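Novice: Mind looking at a prediction? Sequence and model below.
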Amino acid sequence: MKTIFLCCSLILISLGFLLYWKKNEKDKEKMTHAIARLETVNKALANNLMIQSKVSSIPLDLNKLIVKDTSGKQASFITFLNSPKKIVFRIAESYCMECVKSQFSFMKQISGKIGKQNVAILASFSNMKMLKIFLQENNIEVDAYNIVPEAAPVKLAIEQLYSPYYFKADKSTNGISNVFLAEKALPDLTQAYCDEVTSKF
(Lines give C-alpha, C1' and ligand atoms only; values in the text may rest on other atoms or scores of the structure.)
Protein backbone atom coordinates (compact mmCIF):
# COMPACT_ATOMS: atom_id res chain seq x y z
CA MET A 1 0.00 0.00 0.00
CA LYS A 2 2.82 2.38 0.90
CA THR A 3 4.48 1.59 -2.46
CA ILE A 4 1.32 2.61 -4.31
CA PHE A 5 1.09 5.79 -2.22
CA LEU A 6 4.71 6.58 -3.10
CA CYS A 7 4.02 5.99 -6.79
CA CYS A 8 0.97 8.27 -6.75
CA SER A 9 2.92 10.96 -4.90
CA LEU A 10 5.71 10.88 -7.45
CA ILE A 11 3.23 11.12 -10.33
CA LEU A 12 1.52 14.12 -8.70
CA ILE A 13 4.87 15.84 -8.12
CA SER A 14 5.81 15.26 -11.76
CA LEU A 15 2.45 16.64 -12.94
CA GLY A 16 3.00 19.69 -10.76
CA PHE A 17 6.28 20.40 -12.49
CA LEU A 18 4.63 19.91 -15.87
CA LEU A 19 1.84 22.41 -15.10
CA TYR A 20 4.38 24.92 -13.81
CA TRP A 21 6.35 24.87 -17.02
CA LYS A 22 3.19 24.92 -19.15
CA LYS A 23 2.35 28.38 -17.78
CA ASN A 24 5.59 29.68 -19.22
CA GLU A 25 5.19 28.92 -22.93
CA LYS A 26 8.37 30.83 -23.81
CA ASP A 27 10.54 28.26 -22.08
CA LYS A 28 9.81 25.33 -24.41
CA GLU A 29 13.09 23.54 -23.71
CA LYS A 30 12.33 23.23 -20.01
CA MET A 31 8.79 22.16 -20.76
CA THR A 32 10.05 19.44 -23.11
CA HIS A 33 12.45 18.27 -20.40
CA ALA A 34 9.62 18.14 -17.86
CA ILE A 35 7.47 16.06 -20.21
CA ALA A 36 10.34 13.67 -20.91
CA ARG A 37 10.97 13.37 -17.18
CA LEU A 38 7.33 12.55 -16.53
CA GLU A 39 7.35 9.88 -19.24
CA THR A 40 10.49 8.31 -17.73
CA VAL A 41 8.99 8.31 -14.24
CA ASN A 42 5.74 6.79 -15.51
CA LYS A 43 7.65 4.06 -17.35
CA ALA A 44 9.69 3.23 -14.25
CA LEU A 45 6.62 3.14 -12.04
CA ALA A 46 4.75 0.96 -14.53
CA ASN A 47 7.67 -1.48 -14.66
CA ASN A 48 7.93 -1.69 -10.88
CA LEU A 49 4.19 -2.09 -10.38
CA MET A 50 4.17 -4.84 -13.02
CA ILE A 51 7.01 -6.59 -11.19
CA GLN A 52 5.28 -6.30 -7.81
CA SER A 53 2.07 -7.78 -9.25
CA LYS A 54 3.84 -10.76 -10.83
CA VAL A 55 6.49 -11.65 -8.28
CA SER A 56 3.98 -13.10 -5.81
CA SER A 57 2.60 -15.46 -8.45
CA ILE A 58 6.07 -16.63 -9.54
CA PRO A 59 7.88 -17.44 -6.27
CA LEU A 60 11.65 -17.82 -6.33
CA ASP A 61 12.70 -21.02 -4.55
CA LEU A 62 15.99 -20.06 -2.90
CA ASN A 63 16.74 -23.73 -2.19
CA LYS A 64 16.90 -24.45 -5.92
CA LEU A 65 19.08 -21.44 -6.72
CA ILE A 66 22.59 -22.95 -6.88
CA VAL A 67 25.47 -20.51 -6.49
CA LYS A 68 29.16 -20.29 -5.65
CA ASP A 69 30.68 -17.88 -3.16
CA THR A 70 33.99 -16.11 -3.83
CA SER A 71 35.92 -18.92 -2.13
CA GLY A 72 34.52 -21.44 -4.63
CA LYS A 73 32.08 -23.17 -2.28
CA GLN A 74 28.92 -24.31 -4.06
CA ALA A 75 25.52 -24.63 -2.42
CA SER A 76 21.95 -23.35 -2.61
CA PHE A 77 21.64 -19.60 -2.16
CA ILE A 78 19.60 -19.99 1.03
CA THR A 79 22.50 -21.94 2.60
CA PHE A 80 24.61 -18.80 2.42
CA LEU A 81 22.02 -16.63 4.15
CA ASN A 82 23.76 -16.13 7.48
CA SER A 83 21.03 -13.76 8.66
CA PRO A 84 17.22 -14.10 8.60
CA LYS A 85 16.90 -11.55 5.81
CA LYS A 86 19.17 -9.99 3.21
CA ILE A 87 18.81 -7.17 0.73
CA VAL A 88 20.12 -8.60 -2.52
CA PHE A 89 21.38 -6.67 -5.54
CA ARG A 90 20.96 -8.71 -8.73
CA ILE A 91 23.48 -8.13 -11.53
CA ALA A 92 24.70 -9.96 -14.63
CA GLU A 93 27.54 -9.67 -17.11
CA SER A 94 24.97 -9.06 -19.85
CA TYR A 95 23.40 -6.08 -18.07
CA CYS A 96 24.29 -2.46 -18.83
CA MET A 97 27.42 -2.01 -16.69
CA GLU A 98 26.92 1.73 -16.31
CA CYS A 99 23.44 0.98 -14.95
CA VAL A 100 24.92 -1.53 -12.50
CA LYS A 101 27.69 0.82 -11.35
CA SER A 102 25.20 3.67 -10.86
CA GLN A 103 23.66 1.62 -8.03
CA PHE A 104 26.80 0.98 -6.00
CA SER A 105 26.45 4.17 -3.97
CA PHE A 106 22.91 3.13 -3.03
CA MET A 107 24.02 -0.41 -2.22
CA LYS A 108 26.74 0.97 0.08
CA GLN A 109 24.16 3.27 1.65
CA ILE A 110 21.92 0.29 2.41
CA SER A 111 24.81 -1.73 3.87
CA GLY A 112 25.80 1.26 6.00
CA LYS A 113 22.30 1.37 7.53
CA ILE A 114 21.58 -2.34 8.05
CA GLY A 115 25.09 -3.81 8.10
CA LYS A 116 27.24 -5.40 5.39
CA GLN A 117 26.30 -8.86 6.65
CA ASN A 118 22.70 -8.17 5.59
CA VAL A 119 23.48 -7.19 2.00
CA ALA A 120 24.61 -9.44 -0.87
CA ILE A 121 25.18 -9.47 -4.60
CA LEU A 122 23.64 -12.21 -6.73
CA ALA A 123 25.53 -12.31 -10.02
CA SER A 124 25.57 -14.13 -13.34
CA PHE A 125 29.14 -13.92 -14.64
CA SER A 126 30.86 -16.33 -17.02
CA ASN A 127 33.24 -17.39 -14.25
CA MET A 128 34.20 -16.50 -10.70
CA LYS A 129 37.50 -14.91 -11.77
CA MET A 130 35.66 -12.26 -13.80
CA LEU A 131 33.30 -11.56 -10.92
CA LYS A 132 36.18 -11.17 -8.46
CA ILE A 133 37.92 -8.71 -10.78
CA PHE A 134 34.71 -6.73 -11.13
CA LEU A 135 34.17 -6.60 -7.36
CA GLN A 136 37.76 -5.52 -6.73
CA GLU A 137 37.73 -2.82 -9.41
CA ASN A 138 34.59 -1.30 -7.89
CA ASN A 139 35.64 -1.67 -4.25
CA ILE A 140 32.66 -3.86 -3.33
CA GLU A 141 32.92 -5.33 0.16
CA VAL A 142 29.61 -7.19 0.59
CA ASP A 143 29.23 -10.93 0.03
CA ALA A 144 28.83 -11.92 -3.60
CA TYR A 145 27.51 -15.14 -5.14
CA ASN A 146 27.65 -16.29 -8.73
CA ILE A 147 24.86 -18.45 -10.16
CA VAL A 148 26.48 -21.58 -11.59
CA PRO A 149 25.98 -21.89 -15.39
CA GLU A 150 24.29 -25.29 -15.14
CA ALA A 151 21.76 -24.05 -12.57
CA ALA A 152 18.13 -23.47 -13.47
CA PRO A 153 17.47 -19.86 -14.58
CA VAL A 154 15.93 -17.33 -12.22
CA LYS A 155 12.22 -17.50 -13.06
CA LEU A 156 11.12 -13.92 -12.44
CA ALA A 157 9.45 -11.61 -14.95
CA ILE A 158 11.94 -8.89 -14.09
CA GLU A 159 14.79 -10.97 -15.53
CA GLN A 160 13.39 -10.30 -19.00
CA LEU A 161 14.23 -6.60 -18.63
CA TYR A 162 18.01 -7.27 -18.43
CA SER A 163 18.51 -4.54 -15.84
CA PRO A 164 19.87 -4.58 -12.29
CA TYR A 165 17.33 -4.90 -9.50
CA TYR A 166 16.99 -5.35 -5.76
CA PHE A 167 14.99 -7.76 -3.64
CA LYS A 168 14.74 -8.92 -0.05
CA ALA A 169 15.53 -12.60 0.54
CA ASP A 170 13.78 -14.16 3.53
CA LYS A 171 15.29 -17.32 5.03
CA SER A 172 12.19 -18.16 7.07
CA THR A 173 9.88 -18.23 4.03
CA ASN A 174 12.48 -19.35 1.48
CA GLY A 175 11.17 -16.57 -0.75
CA ILE A 176 11.64 -12.97 -1.80
CA SER A 177 9.82 -9.64 -1.52
CA ASN A 178 10.38 -5.90 -2.08
CA VAL A 179 11.50 -6.37 -5.69
CA PHE A 180 12.63 -3.09 -7.24
CA LEU A 181 13.94 -2.34 -10.73
CA ALA A 182 16.80 0.16 -10.52
CA GLU A 183 16.64 3.02 -13.03
CA LYS A 184 19.90 4.93 -13.64
CA ALA A 185 17.94 7.98 -14.83
CA LEU A 186 15.82 8.10 -11.66
CA PRO A 187 18.11 8.19 -8.59
CA ASP A 188 15.35 9.83 -6.53
CA LEU A 189 13.17 6.78 -7.00
CA THR A 190 16.01 4.47 -5.93
CA GLN A 191 16.63 6.67 -2.91
CA ALA A 192 12.99 6.34 -1.91
CA TYR A 193 13.29 2.56 -2.20
CA CYS A 194 16.47 2.53 -0.07
CA ASP A 195 14.77 4.60 2.63
CA GLU A 196 11.70 2.38 2.61
CA VAL A 197 13.44 -0.99 2.62
CA THR A 198 15.96 -0.07 5.34
CA SER A 199 13.33 1.45 7.60
CA LYS A 200 11.40 -1.84 7.60
CA PHE A 201 14.37 -4.19 7.76
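Specialist: It's in.
Novice: close enough to count as contact, Gln191 and Ser105?
Specialist: No. Taking contacts as Cβ atoms under 8 Å, Gln191 lies outside contact range of Ser105: 9.9 Å. From N, CA and C alone the C-beta is placed, and that goes for glycine too.
Novice: Now the residue lying closest to Glu93 once chain neighbours are set aside, what are its backbone angles?
Specialist: Closest residue in space to Glu93, ignoring its immediate chain neighbours: Phe125 at 4.8 Å, by Cβ to Cβ, 6 or more residues apart in numbering. Torsion angles at Phe125 (phi, psi; degrees, to the nearest 10) stand at phi -110, psi 160.
Novice: Provide a list of residues in contact with Phe125.
Specialist: For Phe125, the contact set (Cβ atoms under 8 Å, 6 or more residues apart in numbering) comprises Ala92, Glu93, Leu131, Phe134, Asn146.
Novice: Where helices are concerned, which of those residues count?
Specialist: Under the assignment DSSP state H, the contacts of Phe125 contribute Leu131, Phe134 to helices.
Novice: Just the buried ones out of the contacts of Phe125, please.
Specialist: By neighbour count, with 16 or more other Cβ atoms under 10 Å, the contacts of Phe125 hold Ala92, Leu131, Phe134, Asn146 as buried.
Novice: wait, which of those residues is closest to Thr173?
Specialist: Proximity of those to Thr173 (Cβ to Cβ) peaks at Asn146, which lies at 23.9 Å.
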